[in-house]
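1. Need a 3D model of the sequence below.
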Amino acid sequence: HAIQMLEKQCPSASLDYIVEPWFMGAGSESEAGKEFAEWQAESEAAYGVKFTSSLEDLPPPDAPRLALISGRTADNPRLLTECIAKGSKCIYLEKPGAPTVTELEQMSKEAEAAGVEVLMGYNKNVCKYVRKTREFAETVEGSHVTFVSNNAYENTPESLGECFERNAEGMLKNMAIHELALLVSFYDVSVDNIESVTADKEFSSMQTLKGPSGKDYTDFDKIKFTIKTKTGKEVSVAADRCGGTDSFATVTDQSGSEVFRYYMPDEEDKEHVKMLQDKYPTAMPYFFTQDPDYITVKERVAKHTVDGQPAEGVATISIAVETLKVAEYLTPMLQEQLK
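-> Residues are numbered from 1 along each chain as shown. Presented below is the predicted three-dimensional model:
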């Protein structure tokens, strides 16, 4: 996020302050903390951006203030309160927003009472492969769409155990939450409108693994399911922690034959990915494929904060609340089906 704004890839945004309590506090002596300190010194010198460990240090805004919250999910409720107190006009909140529906609903009420808008970092809502798949599906009678999300974790107990612990909210509230947001945004999916959910037992897998702390965590390492809504829509989602770096979507016709598939990244994007890999060799692989979409969401939210025009395709906090409700509703049902 910071690099994209510092490099002026979001023309409506100016990154003035970076608030980093961990690497500028208790985590400053770690290897990552030392690396952060180097980047801080470089960024201050090159861009004049100011770093601080607390929102308390921010002066009152002299332009419409947009706060981007991208930290640990558990800290988000407190950070939202602090951002509102510091004069934010709009808040860009990273997914899923909060650990539970109750907390996110409370945050939504708090922001509404303060007259502060909260928009979500669900970048797949503005993704090329999602748009192209939905457009194609509309041309095929009786079509069925499947959204496929992959991560590139090693398929070992150590690697997945670390992943399960770091993302303790679980697969559906974490990795597959983007796909659930698509279902809520574009396919009328809500807890009240779900008629049935069916797990694909052949594809899906659930494990209990030890995290680095020694505690046990149970989660899906891969899951595939189909939702039917009471209003007659049907859509599928597949997510695989060890499926590789490409996400894609497919369209099948009435006979079940695949008639369309679109990848992220596509051929055009792969050149861009290669360039970013060479430039930032230590970054997480998903940053490269999602780079254009991160820019799009930030730019639309920043422009909206300035001119008040609608931020097209960007999910609101109310969509995020419904998405989290769907995740909490589906998780035990799917776990039960896979036992």
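
2. drop to CA atoms for contacts and neighbour counts, all remaining ones
-> Noted.

3. need the helix or strand of this protein with the lowest average pLDDT.
-> Within the chain, no helix or strand scores below helix 267-279, which has a mean of 88 by mean pLDDT, DSSP states H and E.

4. T198 pairs with what?
-> Per DSSP bridges, the residues bridged to T198 are T226.

5. Is it in contact with I223, as I believe?
-> No: contact criterion Cα atoms under 8 Å: T198 and I223 do not qualify, at 10.8 Å.

6. which of those two has more neighbours?
-> I223 (26 against 15; other Cα atoms under 10 Å).

7. for that one, what are its contacts?
-> Contact analysis of I223 by Cα atoms under 8 Å, 6 or more residues apart in numbering lists 199-200, 203-206, 238-240.

8. Which of those are buried? Put it as a ChimeraX command.
-> Filtering those down to the buried ones (16 or more other Cα atoms under 10 Å) takes a single ChimeraX command:
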select :199,200,204,205,238,239,240
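
9. quick check, nearest of the contacts of I223 to A63?
-> For those, the minimum distance to A63 (Cα to Cα) is 41.0 Å, reached by A239.

10. in which helix or strand would I find the closest one?
-> Using DSSP states H and E, A239 sits in strand 234-240.

11. start to end distance for stretch 203-222?
-> End-to-end distance of stretch 203-222: 7 Å, with Cα to Cα, to the nearest Å as the criterion.

12. Quick check: buried residues in it?
-> Residues of stretch 203-222 classed as buried by neighbour count (16+ other Cα under 10 Å): 204-205, 207, 209-211, 217-222.

13. Stretch 308-321 now?
-> Buried residues in stretch 308-321, defined by neighbour count with 16+ other Cα under 10 Å: 311, 314-317, 319-321.

14. backbone phi and psi for L66, please?
-> The phi/psi pair for L66 (degrees, to the nearest 10) reads phi -110, psi 120.

15. tell me the contacts of it?
-> Taking Cα under 8 Å, 6+ apart as the criterion, L66 is in contact with 88-92, 302, 305.

16. now it, which residues is it bridged with?
-> C90.

17. just for the protein, where's the confidence low?
-> When residues are selected by pLDDT under 70, none of them lie in the chain.

18. Please indicate which of the contacts of L66 are buried?
-> Buried residues within the contacts of L66, counting neighbours by 16+ other Cα under 10 Å: 88-92, 302, 305.

19. Among the buried residues of stretch 308-321, name the ones in helices.
-> Judged by DSSP state H, the buried residues of stretch 308-321 include 317, 319-321 as members of helices.
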